[in-house]
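Asker: Give me the fold of what follows.
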Amino acid sequence: MKHVRLLVLTEDLPRASLTLAETESFHPDPRAPVETEFVNVPGRRYRDLFQQARSRLDKIAKLAPLPQDPRIDTVRVVGAEELDALNQWLGGLWAEAFQYEEQLRHLDEEDRSLKEQESALANFANLNIDLGMLRTKTRFLDFYIGSVPRENVRQLEGAVGLAKHILFNYMITGDHAHVIIVGQPGGAEKAQLSSVLTAAGFQHLPIPQGLDSEPQELRRQIEERRKALIEERGTLRRRIGAWAEGNAERRLDAERTLILAEPFVTLDPSIRSAGHLACLCGWVPARDLAKLEARLRQALALPFQMDARKPRSDERALVPTVATKSRLLEPFALLVKQYGIPQYGEIDPTPLFAVTFLLMFGMMFGDVGHGAVIALAAWWARRRIPHFYLFGVFAGISSMCFGLLFGSVFGYEEILPALWMSPLHDPILMLKVALGWGIAFIIVACLLGIYNRLAIGNTVGALFEHHGAVNLLFYLAFLWGGYRLAQVGSFGTLPALLVIGSLFALAVFQWRHLQAPTGEKVLVVLIETLDTVIVYLSNTLSFLRVSAFSLNHVALSLAVFTLADMMGAFGHVVTVILGNVFVLVLEGGIVMIQVMRLQYYEGFSRYFSGDGHAFTPLQLRRRPAPL
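Answerer: As a prediction, the model looks like this:
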């Protein structure tokens, strides 16, 4: 990756921006130039015009979407005058669209009001009386309309009778009864009635404005108005459609113009100017440098200057990382991205992640039948998950390959002869294989971590920090001594000296770099040193789960067949099918989680920082932005 500084005349900035977007190799650097004279930000009016035009066109598209994606056949420079004229036209078009939107909004509000009236009317469906009379109290009659729990109706009827009122139960819905209470207004009876209603759980049902007739008549009026609204909406939609069709081609041209103008606006934070000279900086892959310069010389009519240099050590964290571009590795790259993006100079972990993931998954879930189901299911879903389906296909193939080694087809071990052996035939060997795999995995991860630190110039970190060279020396010596202890019953003097020496070196390094009181430093150094021993031991033993799950897969299949043998012929078939579905879904999901855990915590944590940022070059947006 190279840092590029481009000096152009300000009048050539739109053309330079468009050329950079065409090459799709320039990642803008928003830092201000080191030259102090470049302090101005050119193109402010251009940016304001673009943003206003873009906003107007997007709002219009919500009412009348573009009939097709705009194709850009000719790349050309969009000047400020053309952008201004386009913005003015879009302003008039938006004024027309706004009028249509307001008419639609009024229809929506009226439709919502009808729905609210219809919902409220449901509370008075069984009344055959003018509701307007019930909403207005008179001098001689007092009305209470509401609902009470069904079990309280009889008691409430007697209580309101004592208060010289009459209760009429006109509808029952669920656990509530809808009632009307009528009586004389005023007097002591009203105060008594209020306390009775409260005690009975009476809930008032207000009659909304607009419900001034009998419920049946109101229902007929609402239905007629709804039909009229549908007709009005249809007429308005046809008018909008004709209006949109009349300006569709010009709106497509407007979209093309804004796409061509967008690169200059996108580059705006990275451009500084002094008088008629402008400076813009960015990152370009070294392989694309000559091609970019040749394209600029071909496109720019005015003189320019392009300088390129290697990234400085103090700006490595700012250098973008070019992602791995491989159709086969794409799904694995998505999983790596969930952890982070490699820093510039670090090894991309995607290829190693893909290989080790498939090997561990296949060994833990080795079965020809289950693997075939996974691969076929992923292939079937390729249209729904186009960027990820290959992950399932490869995982299924890996499971099938190990299934051939183990001789397992849907748990049956009599159909195919094992190319190697069934895991249950020699579980100790399976554990040894898993342990050896884990040791090799950890050693490779530590070596990659050391390389990555050396690549960014962190020599001290490569030697003494977590999972550095001294840590690796301790681990290798610890393994050597452990092997000797298992074989001859003695740890060995040289392995012991290497273990002690490496731990002592780590303790001294931590002591010198820890800023704390003496007592706290002693405690921290002791804990960190003990943690080094425990972490490497536990991480190594953690890989035993690779063999444990391969044994577990066979054991679950045996359990399914044992249950099936207790059933009749039909029950046997059903049990085997359901058991295999259970194994496929539950164990398959658990194995996936366990493999991801081993990758993230035992692998990535040793050699992958994940705090880089992706290379996102300036480019022409061929499709309109999603609304």
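Asker: Regarding this protein, what is its longest helix?
Answerer: Ranked by residue count under DSSP state H, the longest helix found in the chain is helix 215-267.
Asker: Which neighbouring elements make contact with that helix?
Answerer: With contacts taken as 3 or more C-beta pairs under 8 Å, 6 or more residues apart in numbering; DSSP states H and E, helix 215-267 sits against helix 13-23, helix 44-63, helix 80-121. Glycine gets a C-beta too; all of them are placed from N, C-alpha and C.
Asker: okay, now residue 198: neighbour count?
Answerer: 9 (other C-beta atoms under 10 Å).
Asker: Ok, residue 77 next?
Answerer: By the criterion of other C-beta under 10 Å, residue 77 has 17 neighbours.
Asker: Just confirm it is within a helix.
Answerer: No - the secondary structure assignment for residue 77 gives coil rather than a helix, going by DSSP: H, G, I helix; E, B strand; the rest coil.
Asker: so it makes contact with residue 21?
Answerer: No - when contacts are counted by C-beta atoms under 8 Å, residue 77 is not listed as touching residue 21 (11.4 Å).
Asker: circling back to that earlier point, distance to residue 556 and mean neighbour count for the helices and strands packed on helix 215-267 - can I get that in a markdown table?
Answerer: Putting these into a markdown table (distance: least, C-beta to C-beta, whole Å; neighbours: other C-beta atoms under 10 Å) gives the following:
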| stretch | distance to residue 556 | mean neighbour count |
| --- | --- | --- |
| helix 13-23 | 55 | 23 |
| helix 44-63 | 54 | 17 |
| helix 80-121 | 54 | 15 |
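Asker: Looking at those helices, spot the one closest to residue 268.
Answerer: For these, proximity to residue 268 was assessed by C-beta to C-beta; helix 44-63 is nearest, at 5.2 Å.
Asker: what's the angle between the closest one and helix 80-121?
Answerer: Angle, helix 44-63 to helix 80-121, by axes from the mean of the first three to the mean of the last three C-alpha atoms, to 10 degrees: 40 degrees.
Asker: and the angle for helix 44-63 with helix 215-267?
Answerer: 150 degrees.
Asker: For helix 44-63, which outside residues touch it?
Answerer: The contact list for helix 44-63 (C-beta atoms under 8 Å, 6 or more residues apart in numbering) reads 14, 80, 83-84, 86-87, 90-91, 93-94, 97, 100-101, 240, 244, 251, 254-255, 258, 261-262, 264-265, 268, 624-625, 627.
Asker: Show me how far it is from its chain's centre.
Answerer: Put simply, helix 44-63 sits 28 Å off its chain's centre (C-alpha atoms, centre = their mean, to the nearest Å).
Asker: Rounded mean pLDDT for it, please.
Answerer: Average pLDDT, helix 44-63: 90.
Asker: can I get the CA coordinates of it in PDB?
Answerer: What follows is helix 44-63 as a C-alpha-only set of coordinates in PDB (Å, rounded to 0.1, in the frame of the first residue of the first chain):
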ATOM      1  CA  ARG A  44     -18.500  24.000  -0.600                       C
ATOM      2  CA  ARG A  45     -21.200  25.300  -3.000                       C
ATOM      3  CA  TYR A  46     -20.900  22.200  -5.200                       C
ATOM      4  CA  ARG A  47     -21.400  20.000  -2.100                       C
ATOM      5  CA  ASP A  48     -24.400  22.000  -0.900                       C
ATOM      6  CA  LEU A  49     -26.100  21.800  -4.300                       C
ATOM      7  CA  PHE A  50     -25.500  18.100  -4.500                       C
ATOM      8  CA  GLN A  51     -26.800  17.400  -1.100                       C
ATOM      9  CA  GLN A  52     -30.000  19.400  -1.700                       C
ATOM     10  CA  ALA A  53     -30.600  17.800  -5.100                       C
ATOM     11  CA  ARG A  54     -29.900  14.300  -3.700                       C
ATOM     12  CA  SER A  55     -32.400  14.900  -0.900                       C
ATOM     13  CA  ARG A  56     -35.100  16.200  -3.300                       C
ATOM     14  CA  LEU A  57     -34.700  13.300  -5.700                       C
ATOM     15  CA  ASP A  58     -34.800  10.700  -2.800                       C
ATOM     16  CA  LYS A  59     -38.000  12.200  -1.500                       C
ATOM     17  CA  ILE A  60     -39.600  12.200  -4.900                       C
ATOM     18  CA  ALA A  61     -38.600   8.500  -5.300                       C
ATOM     19  CA  LYS A  62     -40.500   7.600  -2.200                       C
ATOM     20  CA  LEU A  63     -43.700   8.800  -3.900                       C
END
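Asker: hmm, back to that, now the angle from the longest helix of the chain to helix 13-23?
Answerer: Here the directions of helix 215-267 and helix 13-23 differ by 100 degrees (the same axes, to 10 degrees).
Asker: Quick one: name whatever helix or strand follows helix 215-267.
Answerer: Downstream of helix 215-267, the first helix or strand assigned by DSSP states H and E is strand 271-274.
Asker: what helices or strands is that following strand leaning on?
Answerer: The contact analysis (3+ C-beta pairs under 8 Å, 6+ apart) places strand 271-274 against strand 277-284.
Asker: Next, the angle helix 13-23 makes with the strand it packs on.
Answerer: Going by the same axes, to 10 degrees, strand 277-284 makes 10 degrees with helix 13-23.
Asker: List the contacts of strand 277-284.
Answerer: Outside of strand 277-284, the residues within contact range by C-beta under 8 Å, 6+ apart are 1-10, 13, 16, 20, 25-29, 31, 33, 35, 38, 42, 267, 270-273, 292, 308, 319-320, 615, 618.
Asker: I'd like to know which of the helices and strands packed on helix 215-267 lies nearest to residue 444.
Answerer: helix 13-23 (37.4 Å).
Asker: Other residues contacting that closest one?
Answerer: Contact partners of helix 13-23, identified using C-beta under 8 Å, 6+ apart, comprise 6, 8, 26, 42-43, 46, 75-79, 260-264, 266-267, 271, 278, 280, 282, 288, 291-292, 295-296, 299-301, 304, 617-620.
Asker: same question, stretch 529-541
Answerer: Applying C-beta under 8 Å, 6+ apart, the set of residues contacting stretch 529-541 is 435, 438-439, 442, 471, 474-475, 478, 503, 506-507, 510, 602.
Asker: What's the PyMOL line that selects buried ones from those residues?
Answerer: Command for PyMOL that selects the buried part of the contacts of stretch 529-541, burial taken from 16 or more other C-beta atoms under 10 Å:
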select buried, resi 435+438+439+442+471+474+475+478+503+506+510+602
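Asker: Need the max-distance pair from the contacts of stretch 529-541.
Answerer: Going by C-beta to C-beta, the pair spanning the contacts of stretch 529-541 furthest: 435 and 510, at 29.4 Å.
Asker: per-domain residue ranges of this structure.
Answerer: 2-93+237-318, 129-213, 324-435+547-606, 458-542 (automatic domain parsing).
Asker: In what element of secondary structure is the spatially most central residue of the chain found?
Answerer: For the chain, the residue sitting closest to the mean C-alpha position, by C-alpha atoms, centre = their mean, is residue 338 at 9.5 Å. According to DSSP H and E, residue 338 maps onto helix 330-339.
Asker: contacting residues around that helix?
Answerer: 323-324, 326, 349-350, 353-354, 357, 387-391, 394, 596, 600, 604, 608, 610.
Asker: which is the next helix or strand following that helix?
Answerer: Assigned by DSSP H and E, the successor of helix 330-339 is helix 350-364.
Asker: Just the mean pLDDT for the helix or strand just after that following helix, thanks.
Answerer: Remark: after helix 350-364, the chain's next helix or strand is helix 368-380, criterion DSSP H and E. Averaged across helix 368-380, the pLDDT comes to 95.
Asker: tell me the contacts of the spatially closest residue to residue 156 that is not a sequence neighbour?
Answerer: Closest residue to residue 156 apart from its sequence neighbours, by C-beta to C-beta, 6 or more residues apart in numbering: residue 200 at 4.4 Å. By C-beta under 8 Å, 6+ apart, the contact set of residue 200 is 148, 149, 152, 155, 156, 159.
Asker: Show the buried residues in these.
Answerer: 148, 152, 156, 159.
Asker: Sweet, I'm off.
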